[in-house]
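In: sequence unavailable; structure follows:
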Ligand code: COA
């Protein structure tokens, strides 16, 4: 059985990390399986959105596979971190919305993977954290950067320096997750949000994602110029004409992604 499962329905690709006996820890096979799944999804016109989740009821992803840590050298550890960062960057820059459906522990690389997604929905049972300092390391899959951007420097440093996980409710309170639902509602809620985004003008959704993601790593005025250029591109789309006509005619827009 593959350690990363994919299933496509209603233009939503569900990617499931499937190592429940090791709480879906990210070993080299899982990282490669995720890279391939997102690499294939990026240009695939049949994939409009992606949901990422973990197999079993206990864990989303309980982090990088600690079993591999004893054999790391400084050079191989750097490669290990870079490989994971590249995959998470691929998720973030997919050009399509991704939703982490956090069904349990999202620790270390699991929390980092969830943060690379566009949105995060957590089951009430979820726990999120960056416990690396307990192992004598620091977050290595972008966590030191994405956590501070999502929840602010003070809260990020508290989580990273204490290593203590937060409950789903606390994660919601600090803006680390968008929504908290009952376990049985997790996938339906993720699909519902994905479906709503898929009903919006696809190019506008893509450019909005780009404006936020690319803009956050630019100086503010450069990001504004980038936003303005993308706004200009939207005006060249058939969907913009359709969206505006639909509003004026008091009906729902029918978008083609053109
Ligand atoms: N890497 C490798 N194996 C892991 C793992 C990880 N990150 N997280 C859990 N596992 C394994 C355990 O070793 C155990 O394997 P075993 O049955 O062969 O002994 C199995 O998954 C179940 O985990 P266990 O620790 O028995 O479950 P628990 O309910 O007692 O505790 C956690 C759950 C999540 C609190 C605990 O597993 C944990 O702290 N994991 C590590 C989290 C972490 O530090 N992640 C960051 C890594 S940089």
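Out: Structure received. What you are looking at is a predicted structure, and each value in this text was computed from that prediction instead of being measured.

In: what does the stretch 51-200 of the chain have sitting close to the ligand?
Out: Within reach of the ligand by CB under 6 Å from any ligand atom, the stretch 51-200 of the chain has these residues: 62-67, 105, 107-108, 131-132, 135. (Glycine included, C-beta is placed from N, CA and C.)

In: tabulate the residues you listed (JSON lines), appending secondary structure.
Out: Formatted as JSON lines, those follow (DSSP: H, G, I helix; E, B strand; the rest coil):
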{"residue": "62", "secondary structure": "coil"}
{"residue": "63", "secondary structure": "coil"}
{"residue": "64", "secondary structure": "strand"}
{"residue": "65", "secondary structure": "coil"}
{"residue": "66", "secondary structure": "helix"}
{"residue": "67", "secondary structure": "helix"}
{"residue": "105", "secondary structure": "strand"}
{"residue": "107", "secondary structure": "strand"}
{"residue": "108", "secondary structure": "coil"}
{"residue": "131", "secondary structure": "coil"}
{"residue": "132", "secondary structure": "helix"}
{"residue": "135", "secondary structure": "helix"}
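
In: tell me the one of those residues nearest residue 3?
Out: Distance ranking of these against residue 3, using CB to CB, places residue 65 first at 10.7 Å.

In: contacting residues for the residue nearest to residue 59 when sequence neighbours are not counted?
Out: Among residues not flanking residue 59 along the chain, residue 23 sits closest, at 3.7 Å (CB to CB, 6 or more residues apart in numbering). By CB atoms under 8 Å, 6 or more residues apart in numbering, the contact list for residue 23 reads 54, 56, 58-59, 61-62, 104-105.

In: coming back round to it: of the residues of the stretch 51-200 of the chain next to the ligand, buried ones?
Out: Applying 16 or more other CB atoms under 10 Å to those, the neighbour count classes 62-65, 105, 107-108, 131-132 as buried.

In: that'll do, ta.
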